[in-house]
Each structure stands twice: as C-alpha cells, then as structure tokens.
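In: sharing a sequence plus its predicted fold:
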Amino acid sequence: MACVRQGFRVLSAATQYVAKSMYSPASLPSIISSVSSKPLLLHQFNNQNSLMPLRSFVSVCQPTQIHRYIGCNGLNQKLLSAPQTPNVISIRNKIVCSYKRGRPKSSSAVISRFYRLRSGLWIRARSGRNNKRWAKSSRRIFRLQETVFCNKTQSKKLEKMVSRHWLKKRYFPDDPYEIYQDRSTTKFEVKKPLFFP
C-alpha cells in the first residue's frame with residue numbers, strides 16, 4: 001500500500017480518500033476491503049509530530065457502520081477506537097479422552113486415590129498420612145488415618161475425570177463403607193420407619 005510521506009505526516013490511501021472526499025461514500029467499502037489486510041497509519045490532528053497506529057477498518061467496524069461515523073474533517077474518534085473483546089467463559093466438559101477414538105477415559109490417579117459413594121459423595125484419605133511418621137505423635141497419626149469428604153467443587157471435577165463405569169451404583173459383600181453409602185443427615189434422605197400393626 002503506497003503512502004504519502006510529508007515530514008512526520010503519513011497518510012494511507014483510504015485515509016486520504018476520506019479526508020479529501022474525492023469519491024462518493026458508496027464506493028468506500030470497496031476501497032477499504034482492498035487495503036484492510038495491511039496496517040494503517042493515521043496522522044493525529046492534535047499533535048503534529050506523532051503517529052498513531054490503527055487497526056484495519058474491517059476489524060474496527062462493519063462497512064455499513066462507516067458511513068455514520070464519517071465527519072466533515074475526517075474520521076470520527078469512534079471509528080478509531082479498538083473493538084471490545086467479547087466476554088467468553090470457557091467451560092471444560094470433559095477432562096480426559098482417548099487419543100485414538102476420543103472416547104471418555106478414566107484418570108488412573110482418581111480411581112486409585114478417591115472413592116465414590118452411591119449418594120454421589122467422594123471420599124479420600126488425609127494427605128501425607130504416611131510421611132515422616134517418626135516425627136508425629138501417636139495422636140496425630142491416629143487422626144491422619146481418618147477418611148474425609150470432598151467438597152462440591154472437587155466432586156464435580158472428579159466426576160468429569162472418570163467414565164460412566166465408575167459413576168454407577170455398586171454393591172459389594174462386606175463393604176466397609178456400607179454404613180456411609182446412604183446419607184441420613186439431610187431431611188430429604190431420612191426414611192420413615194415402616195409401620196407394622
């Protein structure tokens with residue numbers, strides 16, 4: 001794109017066209033589309049010795065909006081302002097998938113370290129319970145052997161990291177966690193005793 005250099009004043013072909021109004025406004029989108037792939041430099045009218053880099057016309061606004069922003073002395077400041085980036089919230093639906101077929105894949109670390117109850121709660125062991133046992137008191141070692149629940153955020157993430165196979169309800173003979181499988185602390189889970197006359 002050929003530019004006219006006058007000292008510190010550098011104007012592009014599209015900018016000269018808008019400033020001098022040589023052609024009709026109807027042909028402006030066709031000229032802008034031909035030079036939109038290259039960066040534009042526009043002289044800043046308030047300071048004679050400075051240059052202001054601009055984005056391409058197409059990225060700033062649509063061709064239908066250019067006509068309403070054109071002033072008698074040149075481009076309006078609304079045309080030169082950078083577009084606002086959209087507020088995009090990324091959502092991670094699945095964390096682990098197979099490389100060959102893209103099927104849901106269970107994380108081996110989740111299966112070995114966590115256990116899912118039938119009520120949907122996840123339990124885990126205390127971290128560091130087997131490290132430096134010689135430096136811990138017997139009371140602390142006993143306290144670290146207990147199993148704790150995961151919170152809501154951790155449970156949601158763990159369910160995304162395993163397949164449906166591990167989300168099904170399972171029944172084992174002599175299960176040590178059988179008394180914890182069904183929640184009895186909430187009013188929705190409390191079962192009324194059967195009435196026998």
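Out: It's in.

In: contacts, neighbours, all on C-alpha from now
Out: Fine.

In: my read: Tyr115 touches Ala109, true?
Out: No. Under the criterion of CA atoms under 8 Å, Tyr115 is not in contact with Ala109, lying 11.1 Å apart.

In: per-domain residue ranges of the chain.
Out: Described in terms of automatic domain parsing, the domain architecture of the chain consists of the residue ranges 4-80, 108-170.

In: so where's this structure shaky on pLDDT?
Out: For the chain, the stretches with pLDDT under 70 are 1-85, 90-95, 185, 187-190.

In: any chance you could map the strands in it?
Out: With DSSP state E, the ranges of strands along the chain come out as 4-6, 9-11, 40-43, 51-54, 114-116, 122-125, 147-149.

In: who touches Gln154 in this structure?
Out: With CA atoms under 8 Å, 6 or more residues apart in numbering as the criterion, no residue contacts Gln154.

In: just the buried residues of stretch 173-190, please?
Out: By 16 or more other CA atoms under 10 Å, the buried positions in stretch 173-190 come out as Gln181, Arg183.

In: who has more neighbours, Tyr115 and Ala109?
Out: Applying other CA atoms under 10 Å to Tyr115 and Ala109 shows that Tyr115 carries more neighbours, namely 17 against 9.

In: just to check, Val110 is in contact with Lys160?
Out: No. Val110 sits out of contact with Lys160 when judged by CA under 8 Å, with a separation of 10.4 Å.
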